[in-house]
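> got a sequence here, can you build the structure:
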Amino acid sequence: MKIFTTLYDKALIWSKHKKAPIYLSGLSFAESSFFPIPPDVMLMPMSLARPEKAFYYAWLTTIFSILGGVLGYVIGYLAMDLLMPIIESLGYQSKIATINDWFAEYGVWIVFIAGFSPIPYKLFTIAAGATAMAFLPFIIASFIGRGARFFLVAGLMRWGGQKFETTVRKWVDWIGWTLVVLIFIYIAYKMLGSY
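This is a model prediction of the structure:
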């Protein structure tokens, strides 16, 4: 089944839509505070479809991701007490405790690492607000971490161009199904580990 090839082709079509930059900005904003899908899923095909605008898209993604991070910070700062029952019911209390420990140990560097890596950035924006981390260092670390990641992604797509797009399309089903298998293995491992 070539499900992922179909989805990839649709993503490329959406990335060429005249309103795609607006969708990319909205996705970048939402992902930094509450939405689970990272903006890379739009940034990559958009940069492949229009390599000459790849860095413009990286700027949009970075700026709106930071603005969404500010919303996450405000949510953590003002509403953490209200959110805790929900976090506990979802079983994320230990994750928040771990993040708080990382903040105490690594300070602003943890925001930089979360901004650059695939770790859910939103957990750190909310935790930064909840722990009343200094706001300016939070913005600077977010700008460097997020910017480095999105400009790297856009730069690779711009550099690879059509050749890269052809290679990605050729292997996208293998990559997709491998990720699905890895996720099932991880879930099974966690379920067996709880017994």
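> my guess is Tyr73 contacts Phe138. True?
Yes - the pair Tyr73 and Phe138 qualifies as a contact (CB atoms under 8 Å) at a distance of 6.3 Å. Any C-beta I mention is one placed from the backbone N, CA and C, and that applies to glycine too.
> who has more neighbours, the two?
The residue with more neighbours, out of Tyr73 and Phe138, is Tyr73; 26 against 20, by other CB atoms under 10 Å.
> next, the buried residues of the helix or strand encompassing the more buried one.
Assessed by DSSP states H and E, Tyr73 sits inside helix 54-89. For helix 54-89, the neighbour count (16 or more other CB atoms under 10 Å) marks 54, 57-58, 60-66, 68-73, 75-77, 80, 83 as buried.
> buried residues in the following helix or strand past it, which are they?
The C-terminal neighbour of helix 54-89 among helices and strands, as given by DSSP H and E, is helix 93-106. Neighbour-count burial for helix 93-106, counted by 16+ other CB under 10 Å, picks out Ile96, Ile99, Trp102, Phe103.
> any idea which of the residues you listed is least confident?
Taken together, the buried residues of helix 93-106 show their lowest pLDDT at Ile96, with 73.
> settle this for me: that one is touching Thr131, isn't it.
No - using CB under 8 Å as the test, Ile96 is too far from Thr131 to be in contact (10.1 Å).
> coming back round to it: which neighbours do Tyr73 and Phe138 share?
Applying CB atoms under 8 Å, 6 or more residues apart in numbering, one finds that Tyr73 and Phe138 are jointly contacted by Ala128.
> what about the helices in the protein?
In the chain, the helices defined using DSSP state H lie at 3-15, 20-31, 40-49, 54-89, 93-106, 109-116, 121-130, 135-193.
> so what does the fourth one touch, helix or strand wise?
This points to helix 54-89. When contacts are defined as 3 or more CB pairs under 8 Å, 6 or more residues apart in numbering; DSSP states H and E, helix 54-89 sits against helix 20-31, helix 40-49, helix 93-106, helix 121-130, helix 135-193.
> now the longest one against helix 3-15, angle please.
Same thing as helix 135-193. With axes from the mean of the first three to the mean of the last three CA atoms, to 10 degrees defining the directions, helix 135-193 sits at 160 degrees from helix 3-15.
> equivalent analysis for the third one, please.
Put simply, helix 93-106 runs at 60 degrees to helix 3-15, going by the same axes, to 10 degrees.
> can you dump the C-alpha atoms of helix 93-106 in PDB for me?
Extracted C-alpha coordinates of helix 93-106, given in PDB (Å, rounded to 0.1, in the frame of the first residue of the first chain):
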ATOM      1  CA  GLN A  93       2.900  14.500  35.500                       C
ATOM      2  CA  SER A  94       6.200  12.600  35.600                       C
ATOM      3  CA  LYS A  95       7.200  14.200  32.300                       C
ATOM      4  CA  ILE A  96       6.500  17.700  33.600                       C
ATOM      5  CA  ALA A  97       8.500  16.800  36.800                       C
ATOM      6  CA  THR A  98      11.400  15.600  34.600                       C
ATOM      7  CA  ILE A  99      11.300  18.800  32.500                       C
ATOM      8  CA  ASN A 100      11.300  20.900  35.700                       C
ATOM      9  CA  ASP A 101      14.400  19.000  36.800                       C
ATOM     10  CA  TRP A 102      16.100  19.700  33.400                       C
ATOM     11  CA  PHE A 103      15.200  23.400  33.800                       C
ATOM     12  CA  ALA A 104      16.800  23.500  37.200                       C
ATOM     13  CA  GLU A 105      19.900  21.700  36.000                       C
ATOM     14  CA  TYR A 106      20.500  23.100  32.500                       C
END
